[in-house]
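Student: The following block contains a protein sequence and its predicted model.
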Amino acid sequence: MPTLQYLGHSAFQLEADGVIVAVDPFLTGNPKASHEEKHLHPQAILLTHAHNDHVGDTVAIAKRTGAKVIATFELAEWLKTQGVAGATGGNHGGTVAFEGGTAKFVPAWHTSSYFDGTTFVAPGVPAGLVVRFGGRTIYFAGDTCLFGDMALIGEEGLDVAVLPIGDHFTMGPADALRAVTLLKPKLVVPCHYDTFPPIEQDGAAFAARVEAETGSRGAVLKPGETLEC
Ligand code: NI
Ligand code: MN
């Protein structure tokens with residue numbers, strides 16, 4: 001059974017059988033980060049898209065640990081130019097393996113680019129990730145709005161759905177609740193809220209509505225908290 005640890009914003013760590021997988025490890029500059037870059041020791045890093053609040057510390061962590069980085073194609077190619085030799089690009093519909101698991105790229109309705117301080121680089125597409133790891137299937141929606149094909153993603157048989165609820169840049173709580181009815185996961189974990197003023201939301205109220213209005217359980221994780229999933 002894997003553990004899921006929230007690192008703040010959209011950053012998570014999965015761990016099972018001694019393998020650690022980081023997802024969207026935005027720590028430096030993240031006011032809600034529970035960890036510093038040097039605290040992460042993953043074997044794999046999974047990225048949903050190129051925005052700075054998702055790529056985060058990926059380059060530093062990958063260079064230090066040699067972690068395999070899995071991202072959509074253009075982002076992976078850009079990461080190689082930054083010295084991340086272990087970057088592997090995939091795209092929607094494709095499944096890429098890492099130590100102990102796999103990640104399937106599914107659609108996300110959003111944009112994707114990295115701002116290097118001067119210009120926007122690493123064009124490409126955003127994705128959600130259906131991660132099979134430690135005997136569980138965990139959907140990281142990434143940044144997205146609600147879309148009807150979440151019903152198809154739900155057919156993957158989701159143990160956990162990690163959904164953005166911040167509004168403004170992604171779906172907000174009301175649309176995330178509709179997403180739960182399409183995805184039908186056993187457990188819902190909200191993320192991408194309360195990091196910055198435009199995305200302040202009540203995570204506990206969202207989780208309560210998940211429990212009351214859908215067939216799924218809801219769990220709010222504070223940054224640094226871990227649950228078994
Ligand atoms: Ni984004
Ligand atoms: Mn974001």
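Tutor: Cool, the structure landed. Ligands and ions are numbered 1, 2, ... in the order given.
Student: can you list the residues of the protein near ligand 2?
Tutor: Taking C-beta under 5 Å from the ion as the contact definition, the chain meets ligand 2 at 51, 53, 143. (C-beta placed from N, C-alpha, C; glycine too.)
Student: same for the lowest-mean-pLDDT helix or strand in the chain, what does it pack against?
Tutor: When the helices and strands of the chain are compared on mean pLDDT, DSSP states H and E, strand 120-121 comes out lowest with a mean of 94. Contacts of strand 120-121 with other secondary structure elements, assessed using 3 or more C-beta pairs under 8 Å, 6 or more residues apart in numbering; DSSP states H and E, are made with strand 114-115.
Student: Quick check: neighbours of the strand it packs on in the sheet, parallel or antiparallel?
Tutor: Strands flanking strand 114-115 in the sheet, each with its direction: strand 120-121 (antiparallel) (DSSP bridges).
Student: Start from the N-terminal end of this protein and give the helices.
Tutor: Along the chain, the stretches classed as helices by DSSP state H are 52-55, 58-65, 73-81, 150-154, 173-183, 203-213.
Student: Name the residues of the fifth one that are buried.
Tutor: The reference is to helix 173-183. Burial within helix 173-183, assessed by neighbour count using 16 or more other C-beta atoms under 10 Å, is assigned to 173, 175-180, 182-183.
Student: Could you list the residues of the protein in contact with ligand 1?
Tutor: The chain has residues 51, 143 near ligand 1, with proximity defined as C-beta under 5 Å from the ion.
Student: for stretch 136-153, what is the average pLDDT?
Tutor: Averaged across stretch 136-153, pLDDT comes to 98.
Student: Can you check the distance spanned by that stretch, start to finish?
Tutor: For stretch 136-153, the first-to-last residue distance is 15 Å (C-alpha to C-alpha, to the nearest Å).
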